[in-house]
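Okay, structure incoming, though there's no sequence with it:
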C-alpha cells in the first residue's frame, strides 16, 4: 500500500517536473525576447531596462536545473536529492512572489521614467554625435507607428518646421511627411503600453508559476518522507 502510494507521488512529481521544464524553456525564451527587444533602445535607456530580460533567463536556467534534481531524486528514490529539490523550489517560490510583486510595482512607475527619457532623447534628434539616438527614434516611430513623445507637434520647433520621415505612413521623401500622413498615436502612449503589457505578463506568469511550485514542494516532501520511511523499514 505504501509502495503504491510512493509510486503515485513519484509519477506526480515527474509530471510537475515536466511542467517546470516547459516553464523554464518558456521563461528563457521570453527573457531572450525582452532582452533583444530592449537592446534595440539602448541609446535611450542604457542598461536601465535590460535587467528583467537577463533575470528571466537566469531564473529559467535555475528552474531547469532544479527540475533535474527533482527528476533524479524521484527516479533514484533518493531522499537527499528529493529534499534538495523541495528546498530549492521553495527558495525560487519566494523569489518568484517577490519578483511578481516588484513587476506590478514597477508597472506603475514606468510611465514617468519613459516620458522623461524620451523627452531628453528627442532634444538630440538629428544632432551631430547623436546618430544612435536619431536611428533609435526612427526605429521607435516606425515600429510602434507613433510620432513624438506626447504630441506630434513637438517635432517642428526642433526640426525647423519639419517632421521626421519616420513619423509618417508614407516615407518616400521628407516632403511627403505632412500632417495628414502622420501617425496619430504618441510614442509615450505606444511604448509605455507595450512595456506595461510585457511587465504584467511577466508578473502574472511569475506568480502563477510560484503557486504551482507550492504543489511541487508538497509532492517532493511527501515522496521524501515515503523514501525515508522505506529506508527506516529496511
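Good, I have the coordinates. Owing to the predicted nature of the structure, the values given are computational and were not obtained by experimental measurement.

I figured residue 159 hits residue 125, correct?
Yes. Counting by C-beta atoms under 8 Å, residue 125 is a contact partner of residue 159 at 7.4 Å. For the C-beta atoms, the positions are set from N, CA and C on the backbone; glycine is no exception.

Would you mind measuring from residue 35 to residue 28?
10 Å (C-beta to C-beta, to the nearest Å).

Spit out the residues that contact these two alike.
Residues touching both residue 35 and residue 28 by C-beta atoms under 8 Å, 6 or more residues apart in numbering: residue 57.

how many neighbours does residue 211 have?
11 (other C-beta atoms under 10 Å).

One more: residue 73?
25.

I'd like to check which residues are in contact with it.
Contacts of residue 73 by C-beta under 8 Å, 6+ apart are 79-85, 220, 223-224.

tell me which of those is nearest to residue 135?
Among the contacts of residue 73, residue 85 lies closest to residue 135 (C-beta to C-beta), at 47.5 Å.

ok, that closest one - contacts?
Contact analysis of residue 85 by C-beta under 8 Å, 6+ apart lists 66, 69-70, 73, 220.

Tell me the helices and strands packed up against the host helix or strand of residue 139.
Taking DSSP states H and E as the criterion, residue 139 maps to helix 131-144. Contact here means 3 or more C-beta pairs under 8 Å, 6 or more residues apart in numbering; DSSP states H and E; on that basis helix 131-144 packs against helix 42-45, helix 79-122, helix 187-233.

Tell me the buried residues in whatever helix or strand comes next after it?
Following helix 131-144 in sequence order, the next helix or strand is helix 155-158 (DSSP H and E). Using 16 or more other C-beta atoms under 10 Å as the test for burial, helix 155-158 gives 155, 158.

swap in stretch 189-200?
Across stretch 189-200, burial judged by 16+ other C-beta under 10 Å covers 190-192, 195-196, 198-199.

what distance separates that stretch from the middle of the whole chain?
Offset of stretch 189-200 from its chain centre (C-alpha atoms, centre = their mean, to the nearest Å): 12 Å.

and of the helices and strands packed on helix 131-144, who's closest to residue 22?
Among those, the nearest to residue 22 by C-beta to C-beta is helix 187-233 (10.4 Å).

So which elements touch that closest one?
Secondary-structure packing of helix 187-233 (3+ C-beta pairs under 8 Å, 6+ apart): helix 2-39, helix 51-76, helix 79-122, helix 131-144.

Go through the ones you listed and find the least confident stretch.
Among those, helix 2-39 has the lowest mean pLDDT, at a mean of 74.

Count the neighbours of residue 75 for me.
Per other C-beta under 10 Å, the neighbour tally for residue 75 reads 12.

Identify the residues contacting it.
Contacts for residue 75 (C-beta under 8 Å, 6+ apart) come out as none.

Pull out the buried residues from stretch 12-29.
Neighbour-count burial for stretch 12-29 [16+ other C-beta under 10 Å]: 12-13, 16-17, 20-21, 23-24, 27-28.

How about stretch 86-98?
Across stretch 86-98, burial judged by 16+ other C-beta under 10 Å covers 86, 88-90, 92-93, 96.

circling back: residue 167: which of the buried residues of stretch 189-200 is nearest?
residue 190 (12.4 Å).

confidence score at the closest one?
88.

before we move on, what about residue 78?
79.

Just give the number of residues close to it.
By other C-beta under 10 Å, the residues close to residue 78 number 16.

For residue 187, report the pLDDT, please.
90.

got a list of what it touches?
Residue 187 makes contacts with 118, 140-141, 144, 146-149, as judged by C-beta under 8 Å, 6+ apart.

Let me have the residues you listed in CSV, adding distance to residue 186 and neighbour count as columns.
Shown next, in CSV, are the contacts of residue 187 (distance: C-beta to C-beta, whole Å; neighbours: other C-beta atoms under 10 Å):
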residue, distance to residue 186, neighbour count
118, 10, 22
140, 11, 19
141, 10, 25
144, 10, 17
146, 6, 22
147, 7, 25
148, 6, 25
149, 7, 23
